[in-house]
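**Q** this one's structure only:
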DNA sequence: GATAATTTGTGCGTATGTATG
DNA sequence: CCATACATACGCACAAATTAT
């Protein structure tokens, strides 16, 4: 894509035109406030790519270093996001994903005034991998129901999750799920009307190629991994989930107010 | 580094030398047990790089596939960690770092039967950066006490933390801290005998060069970032902390059992 | 898969203005 | 007035990451 054709910002550049050049205040700060206002005005939607440093420098008639100084400030204020080799982008509003005893994806997203959606990518029956077996209290290789699920908020991919359920307890789980399209609702079918999270283990690593593509995030930015075990009211483990969160837009929040 | 010169493992290889070659038991399993004993004996410290598959194959006089079969077993048992394009390493015991309402570094490390230690790298007075001011309920640029702290477990760097305290409330904080060498103990001096964590925000990103060096972790593995606000019994914010955890050995654990 | 073009990151040299002593 | 130190601004060149051809 040609740098000048960054959608949404071309017009904004025209609004700013020559830069007043107030004496006494550093040039880079003048550039900074000009760009800040352009972004804060809301005309450039989150995610929009800014013109290149070179283009901005030419437009404001200043050196590229001056532009860089201004951009550094904007990045520190997390108004923009700079990606080497790709460009500079208006920062997306991050999602605060609440990790608590009662963690539900849809509730979590709606709490942020966003619209949750999702789809199953794959599913089937699988012998339990060692980590899963240990978490669910099963013997190694015992059959489990497996589901790979991609979740969105406002159409943006947010997380890629692998869910495992002990098959012995949930015969026909997938058929019910396909009707109800909700893990919570499917659990209800099996007589489980409430479940809570026993513990969550959080790590970070680089995404696989598949994860980066599905989550539509850069390959050189880490994903946040949560491994969680859900238990029913009797304390029996009913689900093991390993979720990769888009590291670009998700922050996990552990708050002390219980819910 | 040449593969043969992986420290700590050269001697171990010599101890094993020709491999007995017991008939009737699979070759790969013989290799597996040989390597397992070498690691379990403790002569190869966690983190040590193993010789390459090629070198191991030559040494045991078996095919590389045989080595790979053995290594696959070791990895499944999480005795080693295999990194594509880098090598194979003796697995570090990971640290489960508990994130809860009462999060204290020393307690956390001792719970894992490890010895905590640490040192202040830098400290001083600083005007509050915007994020800090917002978290502590201060005006932008109000003076704060700042401390950069590197923490270890069994001598291994675990986390690099920036602590901010409102100066107005903690006049002379650093002097007291230098005597007591503990944040908790220093708070006690100021009449705060208990404090809890209001919330923790968890993200992941690639480490800076400085962080990677201080934490002694690879530059291409992410660090886990926690941002936390501690409050006193009255709910007043008394500390803002931003901590970078060594992504190689730390897992954050959010458990639902309160403490 | 290899190569080129694009874009950000880094370093160095130079010049100018401003505050300090 | 001069010397020094520091921040600002510009120009050039190359490194590193990404994307397009």
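**A** That came through, no problem. Just so we're clear, the structure is a prediction, and the values are computed from it rather than from any experiment.
**Q** Quick check: end-to-end length of stretch A:134-145?
**A** Taking C-alpha to C-alpha, to the nearest Å, stretch A:134-145 runs 15 Å from one end to the other.
**Q** Quick check: buried residues in it?
**A** A:135-136, A:138, A:144-145 (16 or more other C-beta atoms under 10 Å in any protein chain shown). From N, CA and C alone the C-beta is placed, and that goes for glycine too.
**Q** so which of these comes closest to DNA strand C?
**A** Among the buried residues of stretch A:134-145, residue A:144 lies closest to DNA strand C (C-beta to the nearest atom of the strand), at 35.3 Å.
**Q** could you list every residue that touches that closest one?
**A** A:125-128, A:132, A:136, A:138, A:164-167 (C-beta atoms under 8 Å, 6 or more residues apart in numbering or on different chains).
**Q** and residue A:149, bridged to which residues?
**A** Taking DSSP bridges as the rule, residue A:149 bridges to residue A:120, residue A:161.
**Q** Need the per-residue pLDDT for it.
**A** What the model reports as pLDDT for residue A:149 is 93.
**Q** so which of the buried residues of stretch A:134-145 comes closest to residue B:29?
**A** Proximity of the buried residues of stretch A:134-145 to residue B:29 (C-beta to C-beta) peaks at residue A:138, which lies at 25.4 Å.
**Q** Grab the nearest non-local neighbour of that closest one.
**A** The shortest distance from residue A:138 to any residue other than its chain neighbours is 5.2 Å, reached at residue A:128 (C-beta to C-beta, 6 or more residues apart in numbering or on different chains).
**Q** Do I have it right that the one you found meets residue A:137?
**A** No - the criterion here is C-beta atoms under 8 Å, and residue A:128 misses it with residue A:137 at 10.2 Å.
**Q** List the residues that contact residue A:31.
**A** A:19, A:56, A:60, A:62, A:66-67, A:69-70.
**Q** any idea which of these is least confident?
**A** residue A:19 (71).
**Q** element containing the residue nearest to residue A:50 when sequence neighbours are not counted, please.
**A** Distance criterion C-beta to C-beta, 6+ apart; nearest residue to residue A:50, sequence neighbours excluded, is residue A:88 at 4.3 Å. Per DSSP states H and E, residue A:88 falls inside strand A:87-90.
**Q** Does that strand reach DNA strand D?
**A** No - applying C-beta under 7 Å from any atom of the strand, one finds strand A:87-90 separated from DNA strand D by no less than 8.3 Å.
**Q** Mind checking the pLDDT average for that strand?
**A** 90.
**Q** what's it packed up against?
**A** Where contact means 3 or more C-beta pairs under 8 Å, 6 or more residues apart in numbering or on different chains; DSSP states H and E, strand A:87-90 is packed against strand A:80-83.
**Q** May I see the buried residues of the strand it packs on?
**A** In strand A:80-83, counting by 16+ other C-beta under 10 Å, buried: A:80-82.
**Q** What of stretch A:211-222?
**A** A:211-212, A:214-215, A:217-218, A:221-222.
**Q** Considering those residues, which member attains the minimum pLDDT?
**A** Minimum pLDDT across the buried residues of stretch A:211-222 falls on residue A:218, with 77.
**Q** three-state assignment of the residue of the stretch 51-200 of chain A found nearest DNA strand D?
**A** Nearest to DNA strand D in the stretch 51-200 of chain A, going by C-beta to the nearest atom of the strand, is residue A:85, at a distance of 2.6 Å. State at residue A:85, reduced to three classes by DSSP: H, G, I helix; E, B strand; the rest coil: coil.
**Q** Next, give me the two most distant ones among the contacts of residue A:31.
**A** Every pair of the contacts of residue A:31 checked by C-beta to C-beta; the farthest is A:19 and A:69, at 14.3 Å.
**Q** For the stretch 151-259 of chain A, what lies in contact range of chain B?
**A** A:196-206, A:220-224, A:247, A:251-256 (C-beta under 8 Å from any C-beta of the partner chain).
**Q** Show me just the buried residues among those.
**A** Buried among these (16+ other C-beta under 10 Å): A:197-206, A:221-224, A:247, A:251-255.
**Q** Mind checking which of the residues you listed are in strands?
**A** A:197-205, A:223-224, A:251-255 (DSSP state E).
**Q** out of these, which one sits closest to DNA strand D?
**A** residue A:223 (14.2 Å).
**Q** show me what contacts the closest one?
**A** A:204-207, A:211, A:215, A:217, A:244-247, B:204.
**Q** Can you list the low-confidence ranges for chain A?
**A** The model of chain A has pLDDT under 70 over residues A:1-18, A:256-259.
**Q** can you give me the strands for it?
**A** So, for chain A - with DSSP E - the strands run A:80-83, A:87-90, A:95-98, A:116-127, A:143-153, A:156-166, A:195-205, A:223-232, A:237-245, A:250-255.
**Q** show me which of the buried residues of stretch A:211-222 neighbour DNA strand D.
**A** Applying C-beta under 7 Å from any atom of the strand to those, those adjacent to DNA strand D are residue A:218.
**Q** Let's have the buried residues of stretch A:211-222 in TSV, adding distance to DNA strand C.
**A** Formatted as TSV, those follow (distance: C-beta to the nearest atom of the strand, whole Å):
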residue	distance to DNA strand C
A:211	20
A:212	17
A:214	21
A:215	21
A:217	17
A:218	12
A:221	13
A:222	17
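**Q** Quick one: mark the members of the buried residues of stretch A:211-222 that sit in helices.
**A** Using DSSP state H, the subset of the buried residues of stretch A:211-222 located in helices is A:211-212, A:214-215.
**Q** Closest to residue A:235 out of those?
**A** The closest of those, once distances to residue A:235 are taken by C-beta to C-beta, is residue A:211, at 32.3 Å.
**Q** wait, doesn't that closest one sit right on residue A:245?
**A** No - look at residue A:211 against residue A:245 with C-beta under 8 Å: they stay out of range, at 10.1 Å.
**Q** Enumerate the residues of chain A near DNA strand D.
**A** Going by C-beta under 7 Å from any atom of the strand, the residues of chain A near DNA strand D are A:1, A:26-29, A:61-66, A:69, A:83-86, A:218-220.
**Q** where's residue A:20 relative to DNA strand C, distance?
**A** 17 Å (C-beta to the nearest atom of the strand, to the nearest Å).
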